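Using only what follows, build the 3D model:
(one chain, ligands or ions: 2)
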Amino acid sequence: MDKISLIVPCYNEAEAIPILYTELINVTSKMSTVNFEFIFIDDGSSDRTLPICKELATKDEKVKYISFSRNFGKEAAMYAGLTNAIGDYVAILDADMQDPPSLLPKLYYAVKYEGYDSAATRRVSRKGEPKIRSFCARLFYKLMRKISDAEIVDGARDFRLMNRKFVNALLSMKEYNRFSKGMFGWVGFKTKWIEFENIQRCAGETKWSFWGLLKYSIEGIIAFSNVPLIIASLTGLLFCIMAFFFIIFIIVRQLLYHNSVNGWSSLVCIILLIGGIQLFSIGVLGHYMSQLYIEVKRRPNFIISEDNIKK
Ligand code: UDP
Ligand code: MG
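Ligands and ions are numbered 1, 2, ... in the order given. You can find the predicted model right below:
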């Protein structure tokens, strides 16, 4: 009998977990040909998330939990789940019911019988989301598709079901800065996309602030594209060429008219502009360097404080 591991990253989801669990039992009980394990990852929550997971684990042996020593972020939680999942198939879904568990049979069918290695979901609408967030997200996906070599789908959720081959490929990527949306595309294989309408979170509130999302998207760009570096060097080159012609112009003017005082204001403007571009380029470079620094340190992605996983 096939086994499916369901990974649920949870950060302060005490209100949502019982609702999700009931729904999971409801959906999985109809899939009688499959064994399940539910892996709840408590990502350093400060509410009752961990006690609730423990309670579920004592009642239901399918329930596994891993609790982090602090908040390490959703990417780390998903990675912890992937490394500990033992299923032939692994699915990831959010705790807040925004990834409807009712789609699981469809995802499983696609991977098991239709020859896909993973079945992923994407939202076709962003109903109920703040307009500015939708706008920025769309802009990010557009930009990302242009400048990165990984295929990143607009509206793609992390909600997907994968076979072992796919999971092992993800696990073979040992990078510290994990940008799953890029990694899912980067590993290749055949993915079926299943669409659904956006669903509001069932309880609690979103864990993402505007700055959190901005930081996450910049890390995503840095991890999957070096186009920012190319832009920085091309801008540098462009300004060198402009400067070269400008110098010739000034020399000729000095030789012909002997006045070099005129034009100081335009010079100041140019110095400011070039200075700005230089600082920006150094900033871009610095970002890549800082990511490199983090990778080189080889720190663990997460630290477990307790779990009930039998090794
Ligand atoms: N999450 C997590 N660690 C974090 C932030 C979020 O494990 O640091 C989990 C959260 O509990 C939820 C999922 O990631 O299950 C998605 O988070 P959220 O619903 O806040 O994001 P949104 O749906 O608003 O994009
Ligand atoms: Mg959510």
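
Quick one: neighbours of Lys3, just the number.
Residues lying near Lys3 (other C-beta atoms under 10 Å) number 14. In short, each C-beta sits where N, CA and C put it, glycine included.

The strand or helix carrying it close to ligand 1?
Using DSSP states H and E, Lys3 sits within strand 2-10. Yes: contact of strand 2-10 with ligand 1 (C-beta under 6 Å from any ligand atom) involves 9-10.

list the helices and strands that strand packs on?
Here strand 2-10 touches helix 16-28, strand 34-42, helix 74-84, strand 89-92, helix 104-113, going by 3 or more C-beta pairs under 8 Å, 6 or more residues apart in numbering; DSSP states H and E.

mind running it again at 10 Å?
Applying 3 or more C-beta pairs under 10 Å, 6 or more residues apart in numbering; DSSP states H and E, we find strand 2-10 packed against helix 16-28, strand 34-42, helix 49-59, strand 63-68, helix 74-84, strand 89-92, helix 104-113, strand 156-163.

Mean pLDDT, distance to ligand 2 and mean neighbour count for those - can I get that in a markdown table?
As requested, the helices and strands packed on strand 2-10 are exported to a markdown table (pLDDT from 0 to 100; distance: least, C-beta to the ion, whole Å; neighbours: other C-beta atoms under 10 Å):
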| stretch | mean pLDDT | distance to ligand 2 | mean neighbour count |
| --- | --- | --- | --- |
| helix 16-28 | 93 | 9 | 18 |
| strand 34-42 | 94 | 15 | 24 |
| helix 49-59 | 93 | 15 | 18 |
| strand 63-68 | 95 | 19 | 22 |
| helix 74-84 | 95 | 10 | 22 |
| strand 89-92 | 96 | 13 | 25 |
| helix 104-113 | 93 | 17 | 18 |
| strand 156-163 | 92 | 9 | 23 |
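
and of those, who's closest to ligand 1?
Between ligand 1 and those, the shortest gap by C-beta to the nearest ligand atom is with helix 74-84, which sits at 3.9 Å.

Now the element after the helix or strand containing Ile282, going C-ward?
Ile282 belongs to helix 264-297 when assigned by DSSP H and E. Using DSSP H and E, the next helix or strand after helix 264-297 towards the C-terminus is strand 304-307.

Just the buried positions in that next one, please.
Asp307 (16 or more other C-beta atoms under 10 Å).

From the chain's centre, how far out is it? Work that out for me.
The chain centroid and the centroid of strand 304-307 are separated by 24 Å under C-alpha atoms, centre = their mean, to the nearest Å.

what stretches of the chain score poorly on pLDDT?
Scanning the chain for pLDDT under 70 picks out the ranges 259-262, 311.

Return the residues of the stretch 151-300 of the chain in contact with ligand 1.
Contact residues, the stretch 151-300 of the chain versus ligand 1 (C-beta under 6 Å from any ligand atom): 201, 206-208.

do that again at 5 Å, thanks
Contact residues (C-beta under 5 Å from any ligand atom) of the stretch 151-300 of the chain with ligand 1: 206-207.

Over to the spatially most central residue of the chain: give its phi and psi.
Centroid-nearest residue in the chain: Phe179, 4.0 Å away (criterion: C-alpha atoms, centre = their mean). Backbone geometry at Phe179, expressed as degrees, to the nearest 10, gives phi -120, psi 90.

who are the neighbours in contact with Ala16?
8, 10, 49, 52, 94-98, 201-204 (C-beta atoms under 10 Å, 6 or more residues apart in numbering).

If any of the residues you listed are buried, put those into a ChimeraX selection.
To isolate the buried members of these in ChimeraX, using 16+ other C-beta under 10 Å:
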select :8,10,49,52,94,95,96,97,98,201,204
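
CA-only coordinates of stretch 33-48 in CSV, if you can.
Output in CSV follows, covering the C-alpha atoms of stretch 33-48 (Å, rounded to 0.1, in the frame of the first residue of the first chain):
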residue,chain,number,x,y,z
THR,A,33,-5.9,2.4,-0.6
VAL,A,34,-3.4,4.7,0.9
ASN,A,35,-1.6,5.0,4.2
PHE,A,36,-1.0,8.4,5.6
GLU,A,37,1.4,10.2,8.0
PHE,A,38,0.8,13.8,9.0
ILE,A,39,3.9,15.7,9.9
PHE,A,40,3.2,18.9,11.7
ILE,A,41,6.2,21.2,11.9
ASP,A,42,5.9,23.7,14.8
ASP,A,43,8.0,26.5,13.6
GLY,A,44,8.8,28.1,17.0
SER,A,45,5.2,29.0,17.7
SER,A,46,4.5,31.0,20.8
ASP,A,47,0.8,29.9,21.1
ARG,A,48,-0.6,26.4,21.8
